[in-house]
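Undergrad: sequence first, then the predicted structure, then my questions.
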Amino acid sequence: MFTIEQAKEVIHPVIADYVQKFPTFMQLSIAEFMIDQGATGGETSVATVFNTGPKLYKVSGKLWQSFTKGNVNNIYKVTGSGAKYELTYGSKVRYAKIHEYGGEIKATKKMIGFAYLKKKQTNNSRMWTKIWGSLKWKGKVTIKARPYFNPAIKDFKQNIQKDFERELKQSMVRAIRNLQERTRTNE
């Protein structure tokens, strides 16, 4: 027979291992709510200004990559023990929030100058002309909300969490059975 302390010793690593898998599941779900523009989007992409659809364009990939555990812009923290664990997960990319919820960016002289320079460098491209005009004449740029994180959380809860929890429970049962076998052989 084994003790509760021995059971905790085998279950905690199983839980810790499964919590490490969460960012992978979430990143896959987040990808479903972004349109892959490819890493060559850059200046030629009109994604940021002319996208009228509900999904966010993935141009450079920096925001999407920030959801990868270990990425410099990733927020990933696990706290707790015993029966309760808390997971904090997100992105440090400064434009993550405005793309999720939408909003206005107030113009600064530096922004107006940068947009003007980009407009000239791209032969007055539609995108940079529109950005420069909005900054110069309206004093702001309005970013439409294109949620990607909250829908991914909802998707996880509806479509993935049950399987995730089922696999975790099965792994915990295997760990306890293994512990039972070891304690029987040692008796």
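TA: Happy to help now that I have it. Numbers count the residues shown, from 1 in each chain.
Undergrad: residue nearest the centroid of this structure?
TA: Taking C-alpha atoms, centre = their mean, the centroid of the chain lies closest to residue 67, which sits 3.7 Å from it.
Undergrad: which residues touch that residue?
TA: By C-beta atoms under 8 Å, 6 or more residues apart in numbering, residue 67 lies in contact with 23, 26, 27, 30, 74, 89, 90, 91. C-beta: built from backbone N, CA, C; applies to glycine.
Undergrad: ok, residue 107 next?
TA: By C-beta under 8 Å, 6+ apart, the neighbours of residue 107 are 135, 136, 138, 139, 140, 141.
Undergrad: dump the residue contacts of the fifth one.
TA: Residue 140 makes contact with 104, 105, 106, 107, 134 under the criterion C-beta under 8 Å, 6+ apart.
Undergrad: switch the cut-off to 10 Å
TA: 103, 104, 105, 106, 107, 111, 134 (C-beta atoms under 10 Å, 6 or more residues apart in numbering).
Undergrad: the fourth one contacts residue 112, correct?
TA: Spelled out, it's residue 106. No. Applying C-beta atoms under 10 Å, one finds residue 106 not in contact with residue 112, separated by 11.1 Å.
Undergrad: mutual contacts of those two, please.
TA: Shared contacts of residue 106 and residue 112, counting by C-beta under 10 Å, 6+ apart, come down to 135, 139.
Undergrad: which one of these two has more residues nearby?
TA: Neighbour totals were compared for residue 106 and residue 112, and residue 112 leads with 16 against 10 (other C-beta atoms under 10 Å).
Undergrad: okay, that one and residue 57: tell me how far apart.
TA: Plainly put, residue 112 is 24 Å away from residue 57 if you go by C-beta to C-beta, to the nearest Å.
Undergrad: and for residue 23?
TA: 22 Å.
Undergrad: do residue 20 as well
TA: Going from residue 20 to residue 57 by C-beta to C-beta gives 30 Å.
Undergrad: higher neighbour count, the two?
TA: The neighbour count for residue 20 versus residue 57, taken as other C-beta under 10 Å, is higher for residue 57 (19 against 12).
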